[in-house]
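3D, please:
(one chain, ligands or ions: 2)
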Amino acid sequence: MAAPGQPRCASYDAIVIGAGIQGSFAAYHLARRGRDTLLLEQFFLPHSRGSSHGQSRITRSAYPQEHYARMMPHSFQLWQQLEDEAGTSLYRRTGLVVLGPPGDPELEGYRHRVGPDDVLNAVTLAQRFPGLRPRPGEVTLWDSTGGVLLADRALRAVQDAFRRRGGTVCDGEKVLRIDPGAEITVTTSTGMYRAPRLIITAGAWTNAVVAPLGLHLPLQPLRIDVCYWREKEPSSSGAVTPCFIATGLPYAPHGIYGLPALEYPGLVKVCYHYGSPTDPEERDRTPPGSPRPHVGLLSNFISSYLPGLEPQPAVLESCLYTVSPMSPLPPRWVPAVPQALIPHPMVPPEHPG
Ligand SMILES: Cc1cc2nc3c(=O)[nH]c(=O)nc-3n(C[C@H](O)[C@H](O)[C@H](O)COP(=O)(O)OP(=O)(O)OC[C@H]3O[C@@H](n4cnc5c(N)ncnc54)[C@H](O)[C@@H]3O)c2cc1C
Ligand SMILES: O=C(O)[C@@H]1CCCC=N1
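Residues are numbered from 1 along each chain as shown. Ligands and ions are numbered 1, 2, ... in the order given. Alright, predicted model coming up:
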């Protein structure tokens, strides 16, 4: 224990910066492999300042991106593993409808991820998702593995499982400095820690964390309007609609997605899959009356595709995306991360058998 007034300096096998879903799972899997791990978080947990808060996220198999699609079988196994360990359900299988104009590149990216029987005709769509009204000629695809991850519950579950496996969570501790070396030293607002391995999962604050190391990654934090829309007629009790993703909309080039009413009874979450550039520290400092252009395009969409919802949001919350350049990074791009920051070869991931 450090002398009074001096920061304590504890040593670990690994340190993870940022207790969002990425860092919390990284720490949990390190602890599963017997690594003595410290998970550092600047805000007291739980918090709603980053990207992982809220009740719901979509998960699915049908990603146009090959690397995501390839990960998903193992991802579903890992979710099941955590549900079994935590003794709670984290994934609600609702099915997912992807809709868009024939020939839309993103829709075609989905098409070859689903089977021929998963191209829905109007009758089948009406049975599975009665409130959704595609435009004439639009294609609707079905991903039966699509569903809702209970995000807040998942975050608690993985952090609790990490602690149960001997992991240390220090929240309300902001990382101020990283000194690379064979033993990396991490200095926070109240302590100093050392480990041979460091994982940085700081989300929208990543560049603020790595800047003192002379690093700047091409990342752009975005403020996301999280919108919930009231059902004009309460859906029959217990009825859970599928999730959906709408692509190829000229007025919404990044796509629109929706999840069934979960967080707030009678309110359906429908959001635009993009946002406004922001500083993570300024996300909620939008002057009253600031324009929210994405809410307007969502109202337009809802009036046409989801006429059972009131076309004005009943609840408006905020979240953060951190996006990298839309175009694939040139092959030569490798972050010039000091060697000391690159984790030593760890125990290979458990065979995803
Ligand atoms: C509205 C919205 C909807 C989404 N929908 C989906 C979806 O349906 N499906 C899906 O797969 N994904 C979805 N996502 C994306 C997903 O939520 C994010 O990719 C994920 O939550 C990112 O997690 P993270 O841990 O990287 O970031 P974060 O959750 O932001 O975690 C980073 C953490 O690092 C901490 N931190 C930063 N700096 C420091 C520091 N100096 N010291 C200590 N701690 C620090 C922060 O406080 C934060 O807690 C959505 C995101 C949003 C915002
Ligand atoms: O990729 C997904 O499934 C989701 C869709 C909603 C917003 C973010 N990601």
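
what sits against the nearest residue to residue 144 once chain neighbours are set aside?
Leaving out its chain neighbours, the residue that sits closest to residue 144 by C-beta to C-beta, 6 or more residues apart in numbering is residue 95, at 5.5 Å. Placement of C-beta: from N, CA and C, glycine included. Residues in contact with residue 95 (C-beta atoms under 8 Å, 6 or more residues apart in numbering) are 128, 142, 143, 144, 146, 147, 242, 243.

and the fifth one, its phi and psi?
What that stands for is residue 146. With angles defined as degrees, to the nearest 10, residue 146 sits at phi -60, psi 150.

tell me the spacing between it and ligand 1.
10 Å (C-beta to the nearest ligand atom, to the nearest Å).

beta-bridge partners for the residue nearest to that residue when sequence neighbours are not counted, please?
Spatial nearest neighbour of residue 146, chain neighbours left out: residue 96 (2.3 Å); criterion: C-beta to C-beta, 6+ apart. Beta bridges link residue 96 to residue 143, residue 243 when assigned by DSSP bridges.

pull up the residues of the stretch 51-200 of the chain that are close to ligand 1.
Residues of the stretch 51-200 of the chain lying near ligand 1 by C-beta under 6 Å from any ligand atom: 51, 52, 57, 58, 59, 174, 175.

and ligand 2, which of these reach it?
Answer for these near ligand 2 (C-beta under 6 Å from any ligand atom): residue 58.

ok, of the residues of the stretch 51-200 of the chain next to ligand 1, which come out buried?
Buried subset of these (neighbour count, 16 or more other C-beta atoms under 10 Å): 51, 52, 57, 58, 59, 175.

biggest separation within the residues you listed, which pair?
58 and 175 (30.5 Å; C-beta to C-beta).

tell me the spacing between the nearest residue to residue 307 once chain neighbours are set aside and residue 140.
Using C-beta to C-beta, 6+ apart and skipping the chain neighbours, the partner closest in space to residue 307 is residue 133 (6.3 Å). Residue 133 sits 11 Å away from residue 140, taking C-beta to C-beta, to the nearest Å as the criterion.

give me the more crowded residue out of those two.
Shown here are residue 133 and residue 140; by other C-beta atoms under 10 Å, residue 140 has more neighbours (22 against 15).

what's the first helix or strand after the host helix or strand of that one?
Under the criterion of DSSP states H and E, residue 140 resides in strand 139-143. Per DSSP H and E, the first helix or strand lying C-terminal to strand 139-143 is strand 147-150.

now the longest helix belonging to the chain: mean pLDDT?
Counting by DSSP state H, the longest helix found in the chain is helix 66-86. On average, the pLDDT along helix 66-86 is 96.

just the CA atoms of that helix, as PDB, please.
Coordinates of each C-alpha in helix 66-86 appear next as PDB, following Å, rounded to 0.1, in the frame of the first residue of the first chain:
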ATOM      1  CA  GLU A  66     -17.500 -10.600 -44.100                       C
ATOM      2  CA  HIS A  67     -15.400 -10.200 -40.900                       C
ATOM      3  CA  TYR A  68     -18.600  -9.500 -38.800                       C
ATOM      4  CA  ALA A  69     -20.500 -12.400 -40.400                       C
ATOM      5  CA  ARG A  70     -17.600 -14.800 -39.700                       C
ATOM      6  CA  MET A  71     -17.400 -13.700 -36.100                       C
ATOM      7  CA  MET A  72     -21.100 -14.200 -35.300                       C
ATOM      8  CA  PRO A  73     -21.300 -18.000 -34.700                       C
ATOM      9  CA  HIS A  74     -18.600 -17.700 -32.000                       C
ATOM     10  CA  SER A  75     -20.200 -14.500 -30.700                       C
ATOM     11  CA  PHE A  76     -23.500 -16.200 -30.100                       C
ATOM     12  CA  GLN A  77     -21.700 -19.000 -28.300                       C
ATOM     13  CA  LEU A  78     -19.900 -16.400 -26.100                       C
ATOM     14  CA  TRP A  79     -23.300 -14.700 -25.300                       C
ATOM     15  CA  GLN A  80     -24.700 -18.100 -24.300                       C
ATOM     16  CA  GLN A  81     -21.600 -18.800 -22.200                       C
ATOM     17  CA  LEU A  82     -22.100 -15.500 -20.300                       C
ATOM     18  CA  GLU A  83     -25.900 -16.200 -19.900                       C
ATOM     19  CA  ASP A  84     -25.100 -19.600 -18.400                       C
ATOM     20  CA  GLU A  85     -22.400 -18.200 -16.100                       C
ATOM     21  CA  ALA A  86     -24.600 -15.200 -15.000                       C
END
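
let's verify residue 169: helix, strand, or coil?
The three-state label given to residue 169 by DSSP: H, G, I helix; E, B strand; the rest coil is strand.

what backbone torsions are found at the most centrally placed residue in the chain?
For the chain, the residue sitting closest to the mean C-alpha position, by C-alpha atoms, centre = their mean, is residue 52 at 5.7 Å. Backbone torsions of residue 52, given as degrees, to the nearest 10, read phi -100, psi 0.

in contact with it, which residues?
Listed by C-beta under 8 Å, 6+ apart, the contact partners of residue 52 are 20, 21, 22, 24, 151, 155, 203.

state the pair within those that is farthest apart.
151 and 203 (13.8 Å).

neighbours of the residue of the chain at minimum distance from ligand 1, how many?
With C-beta to the nearest ligand atom, the shortest gap between the chain and ligand 1 falls at residue 20, namely 2.1 Å. The criterion is other C-beta under 10 Å. On that basis, residue 20 has 20 neighbouring residues.

gap between it and residue 203?
Distance from residue 20 to residue 203, by C-beta to C-beta: 5 Å.
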